[in-house]
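Novice: got a structure for you, letters missing:
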């Protein structure tokens with residue numbers, strides 16, 4: 001679906017006066033909207049149940065059901081659909097009360113069509129954010145097989161294809177990438193899509209343990225093997241028998257432990273620390289590192305034979321700064337998760353906040369994005385996240401960036417500068433520019449050509 005000006009919206013006009021109702025309907029149709037007409041509140045509420053309505057324009061004084069009562073019902077049942085109230089000059093105070101009750105804005109009769117057009121555009125820009133958010137949720141629901149692995153970039157599609165292909169096999173997988181890119185999520189997906197999914201999946205964070213503790217943790221120990229070993233302990237390899245084991249930060253382990261892991265991979269055998277009995281194990285090994293293991297081999301810190309045993313299949317996860325087109329889907333997932341967790345009615349992210357997310361370099365990768373949006377949802381004051389809800393320092397360059405338009409410029413000249421400046425800030429990325437400007441890609445391509453901005 002294309003967004004922005006390429007999208008058709010349904011506007012419901014409710015007024016008991018036929019001439020006003022039909023006149024407004026024709027004006028809106030000329031502006032490119034699909035129009036539904038209703039003669040009173042009862043008729044309008046019935047049509048809301050039958051049609052997908054994006055905006056309601058309703059008179060305050062109507063028979064059978066007043067505009068106030070219709071507004072109350074709409075706010076309760078359709079909280080994401082904006083309502084513009086029509087009122088006479090003598091009832092402005094009532095219109096203000098209606099806005100306090102949840103109306104988006106009001107118009108006085110006789111209706112100024114220019115004012116109507118501006119209000120409708122403003123109201124539908126908010127509605128569009130909600131629809132974008134909803135579409136992202138539908139996309140998320142299609143991806144249950146991959147749990148929290150999110151993204152539509154070429155890189156992530158390639159990674160997911162590799163995961164699907166390698167998961168059913170017994171091959172060892174080495175997942176590489178910077179800290180915070182989501183390597184553990186890839187490991188989860190490999191196990192969950194394998195024939196071992198109902199068997200144990202044991203995780204070991206190697207960097208968190210000293211050499212002696214890691215050896216005991218991986219292979220277990222016998223009673224009395226060392227001071228404090230008061231009873232026999234089964235190790236993680238033993239516990240993961242018939243399932244999978246995930247060795248995170250594998251590049252941090254000492255060579256004495258590397259030799260024992262190599263033996264498990266080669267012979268599927270090991271002994272507990274302090275024990276003589278040889279244990280046999282059938283476990284699928286998935287490992288991850290943020291280090292360059294080839295460089296570690298050259299430096300004498302990592303065994304080359306172990307590297308090749310671990311790296312039967314390599315999955316490299318690029319940093320978030322190199323796949324920013326994945327941000328919208330991830331942001332939608334995190335917003336939904338934290339909105340539900342915190343009981344917040346957040347339904348979308350506004351264009352300036354989206355631009356801030358795009359412009360930030362994300363040195364902490366997906367982990368940093370997740371923490372950012374958790375904070376934003378907690379601090380949010382409305383249904384749409386704004387740049388002011390984001391933590392300090394996120395997209396700071398976006399907050400301070402400006403586009404200069406001289407007084408006396410035509411609207412076309414101003415539009416050209418806005419598009420040019422946004423394109424420049426996004427390094428020519430048209431998808432991100434269209435997303436930030438809130439227009440469809442087709443519209444952006446047409447305007448780039450119209451304003452000679454191809455270069």
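Specialist: Ah, there it is. Bear in mind the structure is a predicted one, so any value in this text is a computation, not a measurement.

Novice: following the lowest-mean-pLDDT helix or strand in the chain, which helix or strand comes up?
Specialist: Lowest by mean pLDDT, DSSP states H and E among the helices and strands of the chain is helix 396-400, with a mean of 48. Toward the C-terminus, helix 396-400 is succeeded by helix 411-425 as the next helix or strand (DSSP states H and E).

Novice: who are the packing partners of that next one?
Specialist: Packing partners of helix 411-425 (3 or more C-beta pairs under 8 Å, 6 or more residues apart in numbering; DSSP states H and E): helix 351-359, helix 430-437, helix 441-450. Every C-beta, even on glycine, is put in place using the N, C-alpha and C of the backbone.

Novice: select from these the stretch with the lowest mean pLDDT.
Specialist: Of all the helices and strands packed on helix 411-425, helix 430-437 carries the lowest average pLDDT, namely a mean of 79.

Novice: got the angle for it vs helix 351-359?
Specialist: Angle of helix 430-437 versus helix 351-359, following axes from the mean of the first three to the mean of the last three C-alpha atoms, to 10 degrees, is 150 degrees.

Novice: which other helices and strands does helix 430-437 contact?
Specialist: Under the contact definition 3+ C-beta pairs under 8 Å, 6+ apart, helix 430-437 sits against helix 351-359, helix 411-425, helix 441-450.

Novice: state the mean pLDDT of the second one.
Specialist: Per-residue confidence for helix 411-425 averages out to 81 on the pLDDT scale.

Novice: quick check: angle from that helix to helix 430-437?
Specialist: Going by the same axes, to 10 degrees, helix 411-425 is angled at 120 degrees with respect to helix 430-437.

Novice: roughly how far apart are the nearest residue to residue 200 once chain neighbours are set aside and residue 411?
Specialist: The shortest distance from residue 200 to any residue other than its chain neighbours is 3.7 Å, reached at residue 243 (C-beta to C-beta, 6 or more residues apart in numbering). According to C-beta to C-beta, to the nearest Å, residue 243 and residue 411 sit 64 Å apart.

Novice: kindly report the same for residue 208.
Specialist: For residue 208 relative to residue 411 (C-beta to C-beta), the value is 59 Å.

Novice: so which of the two has more stuff around it?
Specialist: A direct count of neighbours by other C-beta atoms under 10 Å for residue 208 and residue 411 places residue 208 higher, at 12 against 8.

Novice: how many neighbours does residue 338 have?
Specialist: 19.

Novice: before we move on, what about the one 3 residues further on?
Specialist: When neighbours are counted by other C-beta under 10 Å, residue 341 registers 11.

Novice: what strand or helix carries it?
Specialist: For residue 341, the host element (DSSP H and E) is helix 327-342.

Novice: tell me the angle that helix makes with helix 351-359.
Specialist: 120 degrees.

Novice: quick one: list the elements packing against helix 327-342.
Specialist: Counting by 3+ C-beta pairs under 8 Å, 6+ apart, helix 327-342 packs on helix 113-141, strand 348-349, helix 351-359, helix 365-379.

Novice: which one, of the ones you listed, ends up nearest to residue 298?
Specialist: helix 365-379 (26.2 Å; C-beta to C-beta).

Novice: ok but residue 13 is inside a helix, no?
Specialist: No - assigned with DSSP: H, G, I helix; E, B strand; the rest coil, residue 13 falls outside any helix and is strand.

Novice: wait, it touches residue 39, no?
Specialist: No - assessed by C-beta atoms under 8 Å, residue 13 is found out of contact with residue 39, at 10.1 Å.

Novice: overlap in contacts, the two.
Specialist: Residues touching both residue 13 and residue 39 by C-beta atoms under 8 Å, 6 or more residues apart in numbering: residue 21.

Novice: which one of these two has more residues nearby?
Specialist: More neighbours surround residue 13 than the other of residue 13 and residue 39, with 25 against 16 (other C-beta under 10 Å).

Novice: all helices of the stretch 101-250 of the chain, in order?
Specialist: In the stretch 101-250 of the chain, the segments counted as helices under DSSP state H, counting those that start in this stretch are 113-141, 154-166, 183-192, 211-219, 236-239.

Novice: just those: most buried one?
Specialist: Of all the helices of the stretch 101-250 of the chain, helix 183-192 has the most neighbours on average by mean count of other C-beta atoms under 10 Å, namely a mean of 21.

Novice: which residues of the chain score low on pLDDT?
Specialist: 1-7, 89-92, 133, 135-149, 395-405, 455 (pLDDT under 70).

Novice: please enumerate the strands of the stretch 201-350 of the chain.
Specialist: According to DSSP state E, counting those that start in this stretch, the stretch 201-350 of the chain carries its strands in the segments 201-205, 220-221, 233-234, 244-248, 269-271, 278-280, 284-289, 313-316, 348-349.

Novice: could you dump those to TSV with distance to residue 72 and mean neighbour count?
Specialist: Shown next, in TSV, are these (distance: least, C-beta to C-beta, whole Å; neighbours: other C-beta atoms under 10 Å):
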stretch	distance to residue 72	mean neighbour count
strand 201-205	51	18
strand 220-221	66	23
strand 233-234	63	15
strand 244-248	53	24
strand 269-271	70	16
strand 278-280	70	13
strand 284-289	54	25
strand 313-316	54	16
strand 348-349	24	26
